[in-house]
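Student: When you get a sec, could you give me coordinates for this:
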Amino acid sequence: MMHANALNDAPVKLYRNPKSGHCHRVELMLALLEVPYENVDLDMANGAHREPGYLAISPLGQVPAIDDNGITLADSNAIITYLVERYGEPATWIGTDPLEKARVQRWLSIAAGEIAAGPCAARLVTVFDAPLDHEAAKAKAHELLAMIDTHLDGRDWLAADRPTLADIVGYSYIAHAPEGGVSLAPYPNIRAWLSRIEALPRFIGMARSPSLA
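Tutor: Alright, predicted model coming up:
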């Protein structure tokens, strides 16, 4: 069933960089929820994210951001939480009880912390020429991936017995970690988990960059 936007049938506008994992997690959530959307690719190299019109939507000048029929919101974790609350089944994605909700929230925190500092940062160096410590980011990535691989031993999903926001926020940068020089070969449980996400109905992938691992 195609979910119509609550105010009218206009699609959600997703302001993005097509190679950003933060943007991809929002696009993936929109696709899984069957929410109509249109991508607005920002020319960030020429400062489109610093234009006053965009700063009115995303005050920090970051992507992603959305415009849902006049409701504007930035920050990928905030956006996907909004989307499931408005267009999905919140209990399914956020948690059915206090413990599930806490477990999901923990992975949102890991996405903003360890994933950002590890596989995301390593890929920023190779894909976007970010002036970061590549070796340190790769080391952090492997430390994190080893933990997640152990966590997934005997589990299909990160936080519950089904996909939740935890899996959505984890997917993009982990799936694309080899583009940052971080091999997934040592992590069979992670590779199986990525395959399960990619097998979800309406899954949509992110633009690929050359793999360095």
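Student: which residues in this structure form helices?
Tutor: Taking DSSP state H, the helices of the chain run over residues 21-33, 52-55, 76-87, 90-94, 98-110, 121-128, 134-151, 165-175, 188-198.
Student: gap between the residue nearest to residue 169 when sequence neighbours are not counted and residue 46?
Tutor: Closest residue in space to residue 169, ignoring its immediate chain neighbours: residue 111 at 3.8 Å, by C-beta to C-beta, 6 or more residues apart in numbering. C-beta: built from backbone N, CA, C; applies to glycine. Counting by C-beta to C-beta, to the nearest Å, the gap from residue 111 to residue 46 is 29 Å.
Student: Between those two, which has more neighbouring residues?
Tutor: Set residue 111 next to residue 46 and count neighbours by other C-beta atoms under 10 Å: residue 111 wins out with 25 against 9.
Student: and that one, what does it touch?
Tutor: By C-beta atoms under 8 Å, 6 or more residues apart in numbering, residue 111 lies in contact with 77, 169-170.
Student: Distance check, it against residue 135.
Tutor: For residue 111, the distance to residue 135 - C-beta to C-beta - is 22 Å.
Student: residues in contact with residue 185?
Tutor: residue 213.
Student: What distance do you get for it to residue 134?
Tutor: From residue 185 to residue 134 the distance is 19 Å (C-beta to C-beta).
Student: For the protein, name the helix or strand with the lowest mean pLDDT.
Tutor: Using mean pLDDT, DSSP states H and E, the weakest-scoring helix or strand in the chain turns out to be helix 52-55, at a mean of 92.
Student: Give me the pLDDT value at residue 117.
Tutor: Note for residue 117: predicted pLDDT of 98.
Student: Report the contact partners of it.
Tutor: Residue 117 makes contact with 137, 140 under the criterion C-beta under 8 Å, 6+ apart.
Student: ok, residue 92 - how many residues close by?
Tutor: 14.
Student: I'd like to know how many residues surround residue 27.
Tutor: Neighbour count for residue 27, taken as other C-beta under 10 Å: 21.
Student: I'd like to know how far it sits from residue 37.
Tutor: 7 Å.
Student: cool, residue 182 as well?
Tutor: Counting by C-beta to C-beta - residue 182 and residue 37 are separated by 30 Å.
Student: low-scoring stretches of the protein, by residue?
Tutor: Applying pLDDT under 70 to the chain flags residues 1-8.
Student: Pick out the residue nearest the middle of the protein.
Tutor: residue 25 (2.8 Å; C-alpha atoms, centre = their mean).
Student: Tell me if I'm right that that one and residue 80 touch.
Tutor: Yes - because the distance of 6.2 Å satisfies C-beta atoms under 8 Å, residue 25 is recorded as touching residue 80.
Student: so what sits against both of those two?
Tutor: In contact with both residue 25 and residue 80: 168-169, using C-beta under 8 Å, 6+ apart.
Student: Show the contacting residues for residue 118.
Tutor: Each residue near residue 118 by C-beta under 8 Å, 6+ apart is listed here: 137-138, 140-145, 182.
Student: mind redoing it with 10 Å?
Tutor: Applying C-beta atoms under 10 Å, 6 or more residues apart in numbering to residue 118 gives the contacts 110, 136-145, 173-174, 177, 180, 182.
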